[in-house]
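Enquirer: 3D, please:
(one chain, ligands or ions: 1)
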Amino acid sequence: FARLRRRLSSSNNVLARALADLLSVDRIDADTWDDFEATLIASDLGVGPTTELTDALRKELSVDGVADPETARRVLRSELLRLVDPTLDRSLNLDSEEGKPAVVMVVGVNGTGKTTTVGKLARVLVADGRSVLLGAADTFRAAAAEQLITWGERVGVSTVRGPEGGDPASVAFEAVASGAENGIDVVIVDTAGRLHTKTGLMDELGKVKRVIEKKAAVNEVLLVLDATTGQNGMMQARVFSQVVNVTGIVLTKLDGSAKGGIVVAVQRELGVPVKLIGLGEGVDDLAPFDPEGFVAGILG
Ligand code: GDP
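Expert: Okay, the predicted model is just below:
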């Protein structure tokens with residue numbers, strides 16, 4: 001947890017700096033608040049949450065123009081926590097009908113860290129004592145299936161793949177069917193995501209889900225977003241949520257992002273929680289998102 005905390009505090013340094021700046025001035029004036037807001041916006045927090053946070057602080061702090069560090073910290077902590085919303089259920093739903101696997105679909109634009117996330121998630125589930133099977137439903141790129149198979153081998157789970165250029169939905173179906181036959185607990189389906197080049201691909205995702213559902217319920221649709229892409233990630237979130245019913249967000253590359261505000265922004269946008277975070281390229285660099293730890297990381 002200490003390691004996670006260290007990474008979080010460095011990964012959220014834009015927010016951390018805004019807060020530190022606010023606390024460091026002798027007297028708070030209009031410029032202080034302008035700077036504060038500009039920094040929050042730059043952290044990808046979004047306009048609405050930025051205004052809410054600033055208003056809450058302004059109400060408590062600037063009565064006599066002097067920031068009392070204790071009060072500032074208390075207000076910031078509670079307001080940030082409220083924005084991140086600790087009441088959301090962030091657990092993965094892996095309940096399934098007798099004789100059927102739980103199904104987790106992982107979706108997102110190529111390059112965001114989908115395949116890596118599938119591998120890391122398989123690792124977590126295996127460590128938790130579950131049997132896992134992967135489905136390589138990105139049949140558009142041969143390299144994608146190869147990469148998934150490599151991840152599978154790394155964490156000791158098998159992968160179902162189809163022919164290159166084959167039907168992604170049928171690969172997904174076969175993975176789930178094979179999971180059912182072999183008493184597998186969880187099937188994780190990796191999908192294709194070339195967002196702009198082929199609009200048909202987005203419809204394809206809906207089809208993959210419908211075809212899987214002929215065999216077993218889809219428990220989770222996890223949308224993978226790259227934390228370093230800011231507003232671009234928000235746009236992706238919107239498009240995907242129109243095609244499939246996203247149940248959770250995986251925010252990758254938080255280790256390389258200075259903009260932790262995206263957590264708040266994307267939850268607001270989609271109305272679904274950030275469930276997992278990626279903190280590196282290694283097999284153990286996936287963690288459940290912990291609101292308290294996140295806020296503590298920001299406030300240092
Ligand atoms: P996909 O195309 O969406 O399947 O993306 P990949 O899983 O191939 O990942 C793209 C690149 O991002 C790879 O170089 C990964 O190692 C890297 N990556 C994935 N997740 C993380 C993360 O949480 N942190 C960092 N630093 N890199 C990551």
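Enquirer: which single residue in this protein comes nearest to the ligand?
Expert: Here the chain gets closest to the ligand at one residue, G278, 2.5 Å apart by CB to the nearest ligand atom. In this view, the C-beta of every residue, glycine as well, is placed from N, C-alpha and C.
Enquirer: grab the nearest non-local neighbour of that residue.
Expert: Closest residue to G278 apart from its sequence neighbours, by CB to CB, 6 or more residues apart in numbering: T252 at 3.4 Å.
Enquirer: the one you found contacts T112, doesn't it?
Expert: Yes - using CB atoms under 8 Å, T252 is in contact with T112, at 6.1 Å.
Enquirer: between these two, which is the more surrounded one?
Expert: Between T252 and T112, counted using other CB atoms under 10 Å, T252 has the larger neighbour count: 30 against 26.
Enquirer: partner residues bridging the more buried one?
Expert: Per DSSP bridges, the residues bridged to T252 are D226.
Enquirer: show me the contacts for it.
Expert: 112-113, 116-117, 224-227, 277-278 (CB atoms under 8 Å, 6 or more residues apart in numbering).
Enquirer: would CSV of those with distance to G261 and pLDDT be doable?
Expert: Below are those laid out as CSV (distance: CB to CB, whole Å; pLDDT from 0 to 100):
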residue, distance to G261, pLDDT
T112, 18, 95
G113, 19, 96
T116, 23, 97
T117, 21, 98
V224, 18, 97
L225, 13, 95
D226, 15, 94
A227, 10, 90
I277, 14, 94
G278, 17, 94
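Enquirer: is the residue of the chain closest to the ligand in a bridge, and if so with what?
Expert: L286.
Enquirer: wait, doesn't it sit right on D285?
Expert: Yes - applying CB under 8 Å as the test, G278 and D285 come out as touching, 6.2 Å apart.
Enquirer: touching both of those two, which residues are there?
Expert: With CB under 8 Å, 6+ apart, G278 and D285 have common neighbours 120, 255.
Enquirer: who has more neighbours, these two?
Expert: G278 (24 against 20).
Enquirer: please list all residues in contact with that one.
Expert: 113, 116-117, 120, 250-255, 285-286.
Enquirer: need the residues of this structure near the ligand, please.
Expert: 108, 110-116, 252-253, 255-256, 278-281, 285 (CB under 6 Å from any ligand atom).
Enquirer: just the ones in strands from the residues you listed, please.
Expert: 252, 278 (DSSP state E).
Enquirer: from the residues of the chain next to the ligand, which would you call buried?
Expert: 108, 110, 112-116, 252-253, 255-256, 278-280, 285 (16 or more other CB atoms under 10 Å).
Enquirer: which residue is nearest the middle of the protein?
Expert: With distances taken as CA atoms, centre = their mean, the residue of the chain nearest its centroid is V250 (1.9 Å).
Enquirer: now what about stretch 210-221, what contacts it?
Expert: So stretch 210-221 is contacted by 92-97, 100-105, 107, 169-170, 172-173, 176-177, 179-180, 187, 189, 209, 244-248 (CB under 8 Å, 6+ apart).
Enquirer: nearest residue to P69 in space, please, no chain neighbours.
Expert: Counting by CB to CB, 6+ apart, the residue nearest P69 is L23, at 5.3 Å.
Enquirer: okay, that neighbour and V157: tell me how far apart.
Expert: 48 Å (CB to CB, to the nearest Å).
Enquirer: how about V264?
Expert: V264 is 34 Å from V157, by CB to CB.
Enquirer: in terms of neighbours, single out the busier of those two.
Expert: Between V264 and V157, V264 has the larger neighbour count (other CB under 10 Å), namely 27 against 22.
Enquirer: element containing the more buried one, please.
Expert: helix 262-270 (DSSP states H and E).
Enquirer: which parts of that helix are buried?
Expert: 262-267, 269-270.
Enquirer: need the contact list for V274.
Expert: Contacts for V274 (CB under 8 Å, 6+ apart) come out as 90, 248-251, 263, 266-267, 289.
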